[in-house]
Every structure is written in C-alpha cells, then in structure tokens.
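S.K.: here are the coordinates; sequence isn't available:
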C-alpha cells in the first residue's frame, strides 16, 4: 500500500498511457501499434477488433471475469481498462477551428458521448439483443456532421461529413463516465478542419528535416525521429460566479467592456506570488488533483500580478499531447470552478488597466536518442549542433516571422501585444548576449563550437546562503521568442487560444530553416559555411535589447522586420504567396487550406468584435442610461449635479453612434468586414467605454447597474474555502 498522499499515489490512473497499454496487450500487437505510430500505417483489423458476446450485456459474475481477461485486441483492452474506472461512454475528442475558449465553459474541444453498446447483428432474432462493447471501428475512426464548424470555403454546406481519427500518440483518458479519445478532424477529402491535424503534420515536418539536418552535420546521426516538445504556462482570472452572472459583458465576451480599475489594483505588487485566497486555493488544489489523475504533470500554481489572477503550468510534453492537456486543463478548471461557485476567465484582457492573460509556450526539440537540441553541450560536436539548430530557427523567424505573428493573432490578444505586459507584435529572437557575440564571430569566419553556455555562480553576500548556480544568459521577458537555457519561449500566445495553431506555425518555420541549411550543405557548402551564411541572412531578427522600449519599433523597421500591430494586419499577410509555398512544401497546409484558415481568422475577428459591440450597446441601453436618468433625477432643483448632465448625455450619444456603425458592418467579404471592424467599430466602442467609465465615476453606488471591478476582482478574496479547514 502506498504511503504517498492520495494525489501523488493517483498520478496517471485515468490515463491509458504506454505502460498500461504494454501490460494489457499481446507483445506483438503492442509492437505493431508502436511501429504504426512511427510510420503512419494502419493496423491490421485483428489487432483493432473486438466483439463481446451478447451475454456479456447481462453483467453476471462470469461475464465480468471474461471482460477482464488479457486481450490481444486494442479496442477490448481499452474497453476493459475504461469500464474498470467507471466509463459508460466514449467520445472522440477533437479540436474544431473556432473562436477562443467558450466563456465560462472551459476549452474549445468538441465531443459527443456515445454509450458503449451496440446490437448483436450476428443474432438470428429480428429484435437484436443489446451488447456491451467498444466497437473497434469506432475507436479509431468516427464520422460526424461537421457542417456547423468553420471551414473557410473548403466545402459547401451541403457536403457535411467530418471524420475524426484517433491521434494514436496522445493517450486516451477517463473523466467521469466517459472515455475521451484524442482525435484529428478532417473533411471528406482530407482537408484539415481542426487545430490538431496541422500540428501533427508540422511535427512530421520537424522530424523529417530535423533528422536530415542531424545526419548532414554528423551529430546524433542514428536518430530516426526529432520531437518537438512544449511546456505551457496558463494564466487566468478566477471570480465569483454571482459577479460573473451579473455582468452581461463577462457572460457574452469574457471581458469587462466598461469599468474603472480599483484604487488598489496591481501597482503595489501585492498579489504576485503572494498567499492565495482560501477559496481559490481550495479550487486550485482540486484542479491539481484532477489533472494529476489524468496524467498531466502539473508542477506549479501561483498568484499572478493582477488581483484575482493566477497561473498553472505542467512539465513539458510532446506538442500534440501538451495541446490536448492544455485544453483538458481548461475543461477541468471550468468544472471545478463551478463546484466552488467560481468562474474562470481565460480572455486575454478581461479588465482594462490591469494585466491580462497570456499563455507562454516553452518550446524545444529532442532527438530520438534523447538529446535536447537546444542545450549547448560540453563537446565540440554538441556545441556546433546547438549553433546549427539556432541558426535554423533564426532563419525561419527572419523569413516567416509573419506566420508566427499570425499564429498568436486574435481580437483578445490585440489588447496585450505591445502593451508593456506582453512582447511587441514584432517577431524577433533573443539569444542572449554571449550567444550573439558567438554568432557574430561565426559570421566573421569563426568555428561553430566554443559556445558552451557555461553556468555561472553568483554570491548572495549572506553567509547563511550558499552559492547560487545560474545559466550563462539572463532571461528577457520583453522578447517574443527568448532563449531560456534549454528551450525557446514563445511569450506572445494568448491565454484563450488553442495552442495547436501557434505551435504548428513555429514547427513549420523551424522545419523550413532546417531544410534551408541541409540544402546548402548538400549543394557543396561546409557545415560551418552553411550555418554562417544562414546567420548572416538572419542577423536582422536577433535582438537582445528591451522590446518594450520606444526605440525598438524604429530600429526594427530599419532592420526590415514587420510590426503587425493588429490581428487584421497579421491575418492579411498569412496567405501571402511565400507563406502558401512554405506551408505546402512542409506539407502542413495546402494552398487552399492556407486561404481557408485566413478566411476563418477574419470571420473570428468579426464575430468577436461585433459580439462585444452588440453587448456594449445592450448594457448602455438597458443598464447604464436608465441608471444615469435616475441618478440625475436625484439632483433636480439642486446645483449639486455638477458635470453629470453633460457626462450622461455623452453616454446616450456615444451609444447611438456605436449602434449606427455596428449596423453598417459590411457583409460582402470577411476581410472587408474585419478591416471595417478594426477601423470603425473598435474606435466607436472605445469612445462609448470612455463615456461609460466617466459616468461610473459620478454615479451613486446604489444605482450603478453592474458589479464594479472592485467587486469582481476582490470580492471573493476574504471567503474561506468551503468547508474552511485550518
């Protein structure tokens, strides 16, 4: 019996991982499954198939014993494991392309819950008996009506079939009474309708060209695969459910469209890494337990900078698995929050004037033999490999930085990027000053080895504190893509995003950089000269200064780096000919899929902005304007009203103006509508908000129709966890 705390003893019990599969399957089936995952081949029907006898449905003791026998069939083994945990249903868990996380509902994945039953079609009876089983054909592939999901013109509405297929490298999990099977989602003709399919394709591109590059430079040349990994850091706000329900803007859009920030917000730094409020602590502890049971290696949770803001982060995993786990985390947080009378807000900027939410992606590469390709190493070969792979990344960012920028583009993220709380919209690479010196030396003719990134030791000046080991390079929080000692961190991703798309973009441009160097070596250049030329071509993207400074945008323009400040500007670049060509060359998107994804992103932007504007008009017309009239009536016959009449008149005028521009949104093209929303609707919303916030500063507290920022952000901080245990 384990003496570990229950949470630690239960790690991974609800995840059908490699260890459980190996124990449940015949060794031949297990090995063929592993080989199929590597090659992409289908499995033999006998390896997949199971059909339980009809009498097993009667659930007698003998039937239960038969159900638990070791089986050579994958479906049967999965069935026995899942039902042993109480699963009654199974669901293909997929990631349709749609706008960010549903407000108050967790992640963006789709599913339908199918009961683990079928009919015994082998029976001679006209009324077929019900059997209890997990049909093998539906474990691996499913079909659904995909007509209501965005497709960007990839198919006509009347051609509705969508197919889900098990991502066999991402382990199924059991939650509640359902077995969740992670899947890709494609159209009848194989076009990607989801976030996962492009990610899996990009992982294949990384592996193909990463392996070719390793062989070309003679390092880790026995590796047959290269893997991309990521560890995500999820930021979010936690607020009281009743406060959430009382604000239409939070319910419809995930952010407060009006409101003044509290007198004490984040300026004292009191919240950052401070004591977690008891009620939120209980919520986070429950989330931790659920995530650990599902095999998510959740390593950290803590308070963030703003009041009511928090962060969780796990240890890294394969990019596709980590993507599934991030969406699982959002789902679990939503469910657990509801049980605690709380709501989780994942919007990038829920509250104006205080920090918003990001999702930092700590991304790296490993060879099949286990070598981290972004560790500098101690040998000349390892150091040369490190400089080679960094050169490939630099080249990818220098030539396709607009792809990475578009990968993190959303209406919500427009509030963060370049706003002194997140990196600017200029994509650059932070290498560290020592690495930058080495890169310049390589360009000048120096060798690839010699930069070991040796760790340093610093002294605290206190006798009771021992020497502190640190990396050679400092961290840079103002860079969109800084080096962090053994990985690079994409700091620009928005908190509500499915991380599959930005990771697919990063993997694609990295694979392209690897190919660029391979082709130069195959064309006759030495490894040293090929890497030096790559750095020379990419030198403009390397920047180790302050990304928040006023000087950097000016310098970036001189370097020829794009500053795509808005989502619309970024998306306009996404389907450029060079981008369609590289996506096609890396076999991540076809040209048609690239254009479709661009169309969908325009539609997402329009939907987000028009939903916000419609909600804001409603709040003004049904809430703030009537309250202003009541407040003004209290001053009738008095000189105490001050500027209230003109302030309240401005609310009505700005609301009418917003309503007019909203009614004029064009419908002839998604691009035209997105550009109109950016240039006309967004400014009108800002003016309406300014008037509303001015009114809040004057209005009697008992008349203001919505919970204030103080109520929402701080109201639950003094609550004890239910039940309170001290």
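M.R.: It's in. As the structure is a computational prediction, the values presented were derived from the model and not from experiment. Residues are numbered from 1 along each chain as shown.
S.K.: helix or strand right after the one helix or strand in the chain whose mean pLDDT sits lowest?
M.R.: Lowest by mean pLDDT, DSSP states H and E among the helices and strands of the chain is helix 61-67, with a mean of 40. Using DSSP states H and E, the helix or strand that directly follows helix 61-67 along the chain is helix 74-84.
S.K.: packing partners for that following helix?
M.R.: Contacts defined by 3 or more Cβ pairs under 8 Å, 6 or more residues apart in numbering; DSSP states H and E place helix 74-84 against helix 18-24, helix 45-48, helix 61-67, helix 136-140. All C-beta spots, glycine's among them, are computed from the backbone N, C-alpha and C.
S.K.: pull out the buried residues from the last one.
M.R.: By that I understand helix 136-140. Within helix 136-140, the residues scored as buried using 16 or more other Cβ atoms under 10 Å are 136, 138-140.
S.K.: got phi/psi on the closest residue to residue 158 other than its chain neighbours?
M.R.: Excluding the flanking residues, the one nearest residue 158 by Cβ to Cβ, 6 or more residues apart in numbering is residue 147, at 7.9 Å. The phi and psi values for residue 147, taken as degrees, to the nearest 10, are phi -70, psi -20.
S.K.: from here on, count from 37
M.R.: In the new numbering, first residue 37, that becomes residue 183.
S.K.: surely residue 183 touches residue 190?
M.R.: No: contact criterion Cβ atoms under 8 Å: residue 183 and residue 190 do not qualify, at 11.7 Å.
S.K.: comparing these two, which residue is more hemmed in?
M.R.: Between residue 183 and residue 190, counted using other Cβ atoms under 10 Å, residue 190 has the larger neighbour count: 21 against 14.
S.K.: which SSE is the more buried one in?
M.R.: Using DSSP H and E, residue 190 falls outside every helix and strand.
S.K.: quick one: it and residue 706, what's the gap?
M.R.: Going from residue 190 to residue 706 by Cβ to Cβ, to the nearest Å gives 14 Å.
S.K.: next one: residue 520
M.R.: Applying Cβ to Cβ, the value for residue 520 to residue 706 is 37 Å.
S.K.: and those two? Which one has more around it.
M.R.: In this view residue 520 and residue 706 are compared by other Cβ under 10 Å, and residue 706 has more residues nearby, 22 against 18.
S.K.: over to that one: give its phi and psi.
M.R.: Backbone torsions of residue 706, given as degrees, to the nearest 10, read phi -70, psi -40.
S.K.: how far away is the nearest residue to residue 569 once chain neighbours are set aside from residue 110?
M.R.: Nearest residue to residue 569, sequence neighbours excluded (Cβ to Cβ, 6+ apart): residue 556, at 6.6 Å. Residue 556 is 44 Å from residue 110, where distance means Cβ to Cβ.
S.K.: per-residue confidence at residue 158?
M.R.: At residue 158, the predicted lDDT confidence score is 90.
S.K.: same thing with the one 3 residues further on?
M.R.: Reading off the confidence values, residue 161 has pLDDT 92.
S.K.: now residue 134
M.R.: You'll see residue 134 listed with a pLDDT of 81.
S.K.: now residue 194
M.R.: Here the pLDDT value assigned to residue 194 is 73.
S.K.: and the gap between it and residue 562?
M.R.: The gap separating residue 194 from residue 562 is 58 Å, by Cβ to Cβ.
S.K.: out of those two, which sits in the busier spot?
M.R.: Neighbours were counted for residue 194 and for residue 562 using other Cβ under 10 Å; residue 562 has more, 11 against 6.
S.K.: surely residue 328 meets residue 44?
M.R.: Yes: Residue 328 lies in contact with residue 44 (Cβ under 8 Å); the separation is 7.4 Å.
S.K.: and these two? Which one has more around it.
M.R.: Using other Cβ under 10 Å, the more surrounded residue of residue 328 and residue 44 is residue 328, with 22 against 11.
S.K.: in stretch 736-749, which residues are buried?
M.R.: Buried, per 16+ other Cβ under 10 Å, within stretch 736-749: 740-749.
S.K.: any idea which of those residues is closest to residue 40?
M.R.: Of all those, residue 40 sits closest to residue 749, with 36.8 Å by Cβ to Cβ.
S.K.: what's the average pLDDT for whatever helix or strand the closest one lives in?
M.R.: Per DSSP H and E: residue 749 is located in helix 745-750. Across helix 745-750, the average pLDDT comes to 93.
S.K.: likewise for stretch 669-680?
M.R.: On average, stretch 669-680 scores 94.
S.K.: identify the residues contacting that stretch?
M.R.: Under the criterion Cβ atoms under 8 Å, 6 or more residues apart in numbering, residues 664, 667-668, 734, 736 lie in contact with stretch 669-680.
S.K.: tell me the one among the buried residues of stretch 736-749 nearest to residue 342.
M.R.: Of all the buried residues of stretch 736-749, residue 342 sits closest to residue 749, with 7.5 Å by Cβ to Cβ.
S.K.: got a pLDDT number for the most centrally placed residue in the chain?
M.R.: With distances taken as Cα atoms, centre = their mean, residue 535 lies nearest the centre of the chain, 2.8 Å away. Looking at residue 535, its pLDDT stands at 96.
S.K.: name the element the residue lying farthest from the centre of the chain belongs to?
M.R.: No residue in the chain sits farther from the centre than residue 673, which is 56.9 Å out by Cα atoms, centre = their mean. Assigned by DSSP H and E, residue 673 belongs to no helix or strand.
S.K.: please report how far it lies from residue 685.
M.R.: Distance from residue 673 to residue 685, by Cβ to Cβ: 19 Å.
S.K.: same check on residue 556?
M.R.: 68 Å.
S.K.: who's more crowded, these two?
M.R.: It is residue 556, of residue 556 and residue 685, that has more neighbours when counted by other Cβ under 10 Å, with 18 against 13.
S.K.: for the more buried one, give me its contacts.
M.R.: Applying Cβ under 8 Å, 6+ apart, the residues contacting residue 556 are 565-566, 569-570.
S.K.: need the contact list for residue 352.
M.R.: Counting by Cβ under 8 Å, 6+ apart, residue 352 makes contact with 265-267, 358, 398, 400, 523.
S.K.: can you pull out the low-pLDDT segments for the stretch 37-186 of the chain?
M.R.: Regions of the stretch 37-186 of the chain meeting the criterion pLDDT under 70 cover residues 37, 81-108, 135-141.
S.K.: just the element for the closest residue in space to residue 581 that isn't next to it in sequence, please.
M.R.: For residue 581, ignoring the flanking residues on the chain, the nearest one in space by Cβ to Cβ, 6+ apart is residue 588 at 6.5 Å. Per DSSP H and E, residue 588 falls inside helix 587-595.
S.K.: got it, and residue 652?
M.R.: Residue-wise, residue 652 maps onto helix 627-655 under DSSP H and E.
S.K.: list the helices and strands that helix packs on?
M.R.: Using 3+ Cβ pairs under 8 Å, 6+ apart: helix 627-655 touches helix 284-289, helix 603-610, helix 613-621, helix 680-699, helix 706-712, helix 718-732.
S.K.: phi and psi next, for residue 262.
M.R.: According to degrees, to the nearest 10, residue 262 has phi -120, psi 130.
S.K.: could you do the one 10 residues further on as well?
M.R.: The phi and psi torsions at residue 272 (degrees, to the nearest 10) take the values phi -170, psi 160.
S.K.: verify the stated contact: it with residue 531.
M.R.: Yes: contact criterion Cβ under 8 Å: residue 272 and residue 531 qualify, at 6.4 Å.
S.K.: got the contact list for the nearest residue to residue 626 once chain neighbours are set aside?
M.R.: For residue 626, ignoring the flanking residues on the chain, the nearest one in space by Cβ to Cβ, 6+ apart is residue 620 at 6.1 Å. Listed by Cβ under 8 Å, 6+ apart, the contact partners of residue 620 are 626-627, 630.
S.K.: what's the answer for residue 303, then?
M.R.: Shown in contact with residue 303 (Cβ under 8 Å, 6+ apart): no residues.
S.K.: and what of the one 4 residues further on?
M.R.: Remark: with contacts taken as Cβ under 8 Å, 6+ apart, residue 307 is in contact with 339-343, 345.
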